[in-house]
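Q: Here is the input, now give the coordinates:
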Amino acid sequence: MICRRCSRPLTDPQSVARRYGPACWKKVRVEDERDYQDWLTEHTTITDAGTAAETIREIWKRVLAQTSDRTCSCGEPLESSDLLTFDHGDGARLKGFGQPQWVFLRCPECQHELTYGKLGADPLDDLAPPPVPVPDTTPAPPGHQDTIVEEPDRGSQ
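A: Numbers count the residues shown, from 1 in each chain. As a prediction, the model looks like this:
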């Protein structure tokens with residue numbers, strides 16, 4: 001087997017599995033990060049870039065932990081896929097994002113997309129931001145008045 005980036009022979013089992021040598025794998029991940037940042041800008045509503053990046057790293061850890069031996073239907077290891085998100089009403093609420101996110105993997109070889117939910121990976125509920133308190137907008141009953149109690153002026157005593 002040869003590296004998909006430089007065409008050198010691969011001998012290490014991990015390199016063979018991901019189809020990239022160690023140096024090329026680092027370069028591909030940097031290129032993927034740049035591509036991912038472009039994708040995020042175009043398709044997602046981010047409220048806190050640092051928190052969103054941490055959330056995505058945590059999701060990626062979960063994907064790798066549960067899919068390291070799985071491949072796309074084309075034979076490409078899922079660990080070489082791109083992890084992407086986009087704003088979607090039925091997506092997961094995630095820290096750092098302003099809208100629910102649809103999370104999926106995209107195979108770099110055949111461009112097949114596999115949703116996070118179909119991976120059988122851990123749910124993302126613990127990565128949701130805390131709920132935003134909703135102010136009480138219930139109107140006061142008719143005839144109700146707020147009572148203002150004035151304190152006596154203690155300075156004149």
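Q: quick one: the strands in the protein?
A: 82-92, 101-106, 113-115 (DSSP state E).
Q: what sits against the nearest residue to residue 24 once chain neighbours are set aside?
A: The spatially closest residue to residue 24, leaving aside those adjacent along the chain, is residue 5, at 3.9 Å (CB to CB, 6 or more residues apart in numbering). For every residue, glycine as well, the C-beta is placed using N, CA and C. Residue 5 sits next to 20-21, 24, 27-28 when contact means CB atoms under 8 Å, 6 or more residues apart in numbering.
Q: Take the strands of the chain and write them to JSON lines, including mean neighbour count, mean pLDDT and distance to residue 44.
A: Output for the strands of the chain, formatted as JSON lines (neighbours: other CB atoms under 10 Å; pLDDT from 0 to 100; distance: least, CB to CB, whole Å):
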{"stretch": "strand 82-92", "mean neighbour count": "16", "mean pLDDT": "91", "distance to residue 44": "6"}
{"stretch": "strand 101-106", "mean neighbour count": "22", "mean pLDDT": "92", "distance to residue 44": "7"}
{"stretch": "strand 113-115", "mean neighbour count": "15", "mean pLDDT": "90", "distance to residue 44": "16"}
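Q: which stretch among those comes nearest residue 131?
A: strand 82-92 (14.4 Å; CB to CB).
Q: Centre-most residue in the protein?
A: residue 56 (3.7 Å; CA atoms, centre = their mean).
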